[in-house]
Each structure stands twice: as structure tokens, then as C-alpha cells.
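Asks: A predicted structure for the sequence below; I have some questions about it.
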Amino acid sequence: LLSPSAIDDGMLVMDNEYPTDSEGNITCPSDLITLTHLHEPAVVYCLEQRYKLDQIYTATGPVLLALNPFKPIRHLYGEVTMKKYFDSKTNTDLPPHVYQIADTAFRNMLRSLEDEQPKNQAILVSGESGAGKTVTTKFVMKYLAALSQRSANPVAPAKRAYLQVQEKKQQATQ
């Protein structure tokens, strides 16, 4: 039995109803803004559930929450995944990803240049020591480099510039 002041004292947390998959497992949304009750326990619960499924990226509106998986996750990065975000018209039909954030910033920059009202774009990567900020920034830079190369030359070159650099480094060490 709750005291009448429980709500005012913050002792009561409203629960969310989560859909289930075909096996009866709870599925948390990829964008936490869609939760009926957005509060810390719900955010932590959803991040935990998505992390268990190797879904390390979760959106909260325009903010991307990323959890360091501390292991490689197949097909999370690379040319095939980049292409999905390159070719997407809105990016809302794709799961949250660091490529999505980079793509949105790039498209906003181009749109502002077309409107002849240039606006700076920024991507803030924040986190604790060892959280993966440097790695995330590398993925952002790789995506932006590939996207700008693609935008400058609609006919894609045989290999992306960063892949050519990687090959040269590998050849130099052999």
C-alpha cells in the first residue's frame, strides 16, 4: 500500500507496456521517445535489453545513446552498412546508428548551403574514459569521408580512399 505522498516523493515509477516478439520476449523500442513513461529506470531497462541483443545504438529523439559492446559485432560497420545509410531518403526507416547521426549532419550542411544560409554542424561524442569515444569518432569520420567522396563523384571509385590507405599501410608492413 502506497502512502498518498508516494507520487510526490518520487517513490512511484510508472511502468511502460512493451510489445513482445513471436517468442514472447519483450522488445524495447529503438527510439526511447516512443515510451509512454520516459524515466531513468525505463531508459536503463531498454538499454540493457537492447544490449543483450547486440543493439548497442538507441535513439532518444535526435540524441544517439551508444553502449560499448567490448566485442566485435558482425555487420555493424563497413561498406554494406554505410550504403544503407547513404541510400536512405530519411534514415528513419533504419535502426539508430552512428552513421545515421553523421549522415543527418552532412545532409543538413548541404541543405543549408543550397539555401545559401550556411549553418555549422557539430557532432558531440561524450562518455567516460574507455567508453569508446575515439572509436566512435573514427566511424563518424570514415562515414563522412566516404559520403563526401560519394557526393563529389556520383560514380563511385573502385575503392574508397580510406580503404586505399588501409591497403597501403598493410603493404608497407609486409
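Replies: Alright, I've got the coordinates.
Asks: Pull out the buried positions in stretch 61-71.
Replies: Neighbour counts over stretch 61-71 (16 or more other C-beta atoms under 10 Å) mark 64, 65, 66, 67 as buried. In short, each C-beta sits where N, CA and C put it, glycine included.
Asks: Between its first and last residues, how far does it reach?
Replies: In stretch 61-71, first residue to last residue: 27 Å (C-alpha to C-alpha, to the nearest Å).
Asks: same question for it, mean pLDDT?
Replies: When pLDDT is averaged over stretch 61-71, the result is 93.
Asks: and what of stretch 125-144?
Replies: 93.
Asks: Against which helices or strands is the helix or strand harbouring residue 48 packed?
Replies: Residue 48 belongs to helix 40-52 when assigned by DSSP states H and E. Helix 40-52 sits against strand 57-60, with contacts defined as 3 or more C-beta pairs under 8 Å, 6 or more residues apart in numbering; DSSP states H and E.
Asks: Run the chain-centre distance for whatever helix or strand comes next after the strand it packs on.
Replies: Sequence-wise, the next helix or strand downstream of strand 57-60 (DSSP H and E) is strand 63-66. Relative to its parent chain, strand 63-66 has a centroid offset of 6 Å by C-alpha atoms, centre = their mean, to the nearest Å.
Asks: Please save the CA atoms from strand 63-66 in PDB.
Replies: Extracted in PDB, the C-alpha atoms of strand 63-66 (Å, rounded to 0.1, in the frame of the first residue of the first chain):
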ATOM      1  CA  VAL A  63      20.300  12.000 -29.500                       C
ATOM      2  CA  LEU A  64      22.100   8.700 -30.000                       C
ATOM      3  CA  LEU A  65      22.900   6.600 -27.000                       C
ATOM      4  CA  ALA A  66      25.800   4.100 -27.700                       C
END
